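>>> Pasting the sequence and the predicted coordinates here, then a few questions.
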Amino acid sequence: MNGRTLSATLLALVLVASAAVVPAAGQDDGLEDDAIVTIDVEPTPENPDPGENVTFQVTVENVVENARTYNLQRAELRETPDQDDEIDGTDVGTSVNGGQTVSTSVSEQFDQSGEYRRYVHLQMLSPTGDVINLVREVNVTVEQSHPALSLGVDSVDGDGDATLSVSVANSLPNPVRGVTLEFGDGDVAVVDDRAVVSELAAGEQTSVTVDAENVTPGRQTVPVELSYVTNDGEARSTTERLATRIGGGDADIRLTDVRFQRDGGELQITGKASNLGDSAVSGVVVGVGEGDGVGPGTSQSEAFVGTIAPDNESEFAINAALDANGSVTVPLEVEYADGGRRTVSEQSATYDPGEPAEVSLTGVSVEREGQELVVRGSASNLDDGNVSGVVVSVRNGEDVAPGQSQAEYFVGSIPGSDFSSFEVHAALPGGTNGSVTIPLQIRYSDDGREVTRTFSREYRPGAQASPDGSGQSSLGMLIPVLGIAVVAGLAIVGWRRYQ
């Protein structure tokens with residue numbers, strides 16, 4: 001049995017000991033009285049390079065087939081077992097039935113080499129509504145697997161002859177020897193296709209130079225095979241495609257009047273490619289590059305503009321794919337031919353969608369039915385635009401938790417300035433008879449942007465159900481009415497005596 005399996009088994013035993021399953025009212029007594037829930041965490045990759053994103057795949061299994069249902073509420077990645085130092089987290093809200101498995105994931109990017117210890121925190125609900133918090137430790141080793149390479153241009157003349165420099169940095173913990181670079185066929189023709197560095201100490205960096213021909217302005221790539229021998233005699237090799245940029249001529253192409261129109265996860269970008277230089281350019285292509293939260297669209301991420309004369313412009317329309325809801329900087333690439341030389345320039349434009357549509361919970365009332373609170377109301381769209389995928393749910397709070405059934409209500413789409421009704425159930429795990437505050441969450445999509453908002457409503461026992469939790473009991477309304485009647489009666493008696 002390996003360490004991971006042993007840890008998962010120990011967690012399963014802790015879960016059984018701390019949250020034994022007892023048959024709920026109305027449930028088949030033939031079900032198991034105990035349940036075994038195992039948790040497994042797999043980092044991918046196990047030994048990442050610096051700067052690489054690591055995904056922690058979390059798998060929760062309710063082992064016994066006829067065991068009752070647990071609910072995986074949330075998974076978080078933290079630096080410590082118990083402090084509030086969340087690195088990444090995700091709401092799950094998925095039932096784990098007997099014999100079934102549920103998976104989710106959290107992730108982190110490690111920028112430096114070293115040993116890292118992380119903790120996966122899981123929040124679950126037992127079949128009786130009890131909140132169970134579990135912690136799983138996982139270790140990650142980050143190390144540079146090969147020496148790092150980068151390409152630059154020392155000089156280039158008018159005939160396209162250039163001197164290229166390749167930087168080799170040994171970030172491994174031990175020296176390497178016999179470092180050999182072999183250059184393949186790329187955008188430029190390398191004259192000396194092989195360079196050797198005899199030895200490179202740990203943390204040391206050096207550069208080698210090679211001559212190249214037919215070098216043109218723009219982004220140039222060269223494939224390089226790196227081979228070397230480690231300190232313990234192991235022969236290793238890897239192939240990388242190195243890239244660099246070489247300056248252009250007199251032309252100056254700028255993207256102007258850039259505008260955006262979002263359609264779900266796609267962003268349509270329109271504008272003008274303007275030639276501010278003194279020479280005509282041809283073969284102009286405008287495209288979307290890779291950026292933070294944005295990249296080329298699934299269709300027409302490039303537009304062929306053609307030839308643009310000096311002091312002239314031409315329109316373009318391209319699409320980008322969005323992974324973010326807020327403002328993003330969209331990288332734009334412009335490629336063109338200037339006097340027979342291809343040039344690539346990078347520009348950018350900022351897309352700011354503004355504030356998303358506001359959807360609020362209105363007319364909320366709360367009634368108690370047994371050990372559950374029934375929350376009814378309306379999800380109201382306070383803006384002009386439509387929203388979709390509207391979901392209202394009960395969250396965990398003090399002395400209150402999501403109900404065993406209908407803790408979440410799918411409202412669907414709501415047109416602008418319209419509303420739709422909902423009903424959700426909250427549980428009282430401790431059986432409290434006092435006042436409680438119910439946390440409510442509403443999630444929806446506004447033109448492809450996912451929005452989450454939270455509200456709270458108070459439930460006071462003995463109060464008449466009314467919108468937003470306000471209202472008086474029938475006795476509270478009756479006392480003022482009786483008081484008015486008594487005063488009126490005394491006034492009549494006094495008047496008759498006076499007569």
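Okay, I see it.

>>> need the next SSE after the strand or helix carrying residue 56, C-terminal direction.
Assignment of secondary structure by DSSP states H and E places residue 56 within strand 52-62. Next helix or strand after strand 52-62 toward the C-terminus (DSSP H and E): strand 70-78.

>>> Not counting the strand holding residue 56 itself, show me its contacts.
Outside strand 52-62, the residues that touch it by CB atoms under 8 Å, 6 or more residues apart in numbering are 35-45, 48, 69-70, 72, 75, 77, 96-110, 118, 120, 122, 124, 136, 138, 140, 142. Any C-beta I mention is one placed from the backbone N, CA and C, and that applies to glycine too.

>>> Name the residues of that strand that are buried.
When burial is assessed from 16 or more other CB atoms under 10 Å, strand 52-62 yields the following buried residues: 54, 56, 58, 60, 61, 62.

>>> rewinding a little: are any of the contacts of strand 52-62 buried, and which?
35, 37-41, 43, 48, 69-70, 72, 75, 77, 96-98, 100, 102, 104-106, 108, 110, 118, 120, 122, 124, 136, 138, 140, 142.

>>> Those in strands, which ones?
37-41, 43, 70, 72, 75, 77, 96, 102, 104-106, 108, 110, 118, 120, 122, 124, 136, 138, 140, 142 (DSSP state E).

>>> in the stretch 301-450 of the chain, which spans are strands?
Applying DSSP state E, counting those that start in this stretch to the stretch 301-450 of the chain gives strands spanning 302-308, 313-322, 328-338, 341-351, 359-369, 372-381, 387-394, 401-402, 408-414, 419-427, 436-446, 449-459.

>>> The second one vs strand 449-459, what angle?
Right, strand 313-322. 40 degrees (axes from the mean of the first three to the mean of the last three CA atoms, to 10 degrees).

>>> Off-centre distance for strand 313-322?
26 Å (CA atoms, centre = their mean, to the nearest Å).

>>> Which neighbouring elements make contact with it?
With contacts taken as 3 or more CB pairs under 8 Å, 6 or more residues apart in numbering; DSSP states H and E, strand 313-322 sits against strand 253-263, strand 266-275, strand 281-288, strand 294-296, strand 302-308.

>>> would you put the C-alpha positions of the second one in CSV?
It refers to strand 266-275. Output of strand 266-275 as CSV, limited to C-alpha atoms (Å, rounded to 0.1, in the frame of the first residue of the first chain):
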residue,chain,number,x,y,z
GLU,A,266,-16.7,35.4,-28.2
LEU,A,267,-15.6,39.0,-28.7
GLN,A,268,-16.0,40.6,-32.1
ILE,A,269,-13.3,43.3,-32.7
THR,A,270,-13.7,45.8,-35.5
GLY,A,271,-11.5,48.7,-36.5
LYS,A,272,-9.2,50.2,-39.1
ALA,A,273,-5.6,49.4,-40.1
SER,A,274,-4.1,52.8,-40.9
ASN,A,275,-0.8,53.3,-42.8
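
>>> May I see the buried residues of that strand?
Here strand 266-275 shows 266, 267, 269, 271, 272, 273, 274, 275 as buried, counting by 16+ other CB under 10 Å.

>>> Return the distance of the closest residue to the second one other than its chain neighbours relative to residue 381.
Spelled out, it's residue 267. In space, and not counting its chain neighbours, residue 267 is closest to residue 320: 4.4 Å by CB to CB, 6 or more residues apart in numbering. Counting by CB to CB, to the nearest Å, the gap from residue 320 to residue 381 is 27 Å.

>>> Make TSV out of the strands of the stretch 301-450 of the chain and add mean neighbour count and distance to residue 203.
Below are these laid out as TSV (neighbours: other CB atoms under 10 Å; distance: least, CB to CB, whole Å):
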stretch	mean neighbour count	distance to residue 203
strand 302-308	17	42
strand 313-322	19	39
strand 328-338	21	33
strand 341-351	16	32
strand 359-369	17	55
strand 372-381	20	58
strand 387-394	20	51
strand 401-402	24	53
strand 408-414	17	54
strand 419-427	19	58
strand 436-446	20	49
strand 449-459	15	44
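
>>> Tell me which of the ones you listed lies nearest to residue 210.
Among the strands of the stretch 301-450 of the chain, strand 341-351 comes nearest to residue 210, with 21.4 Å by CB to CB.

>>> What angle do strand 281-288 and that closest one make with each other?
40 degrees.

>>> How far away from the center of its chain is strand 341-351?
27 Å.

>>> Now do that strand: which elements does it pack against?
strand 218-229, strand 253-263, strand 266-275, strand 328-338.
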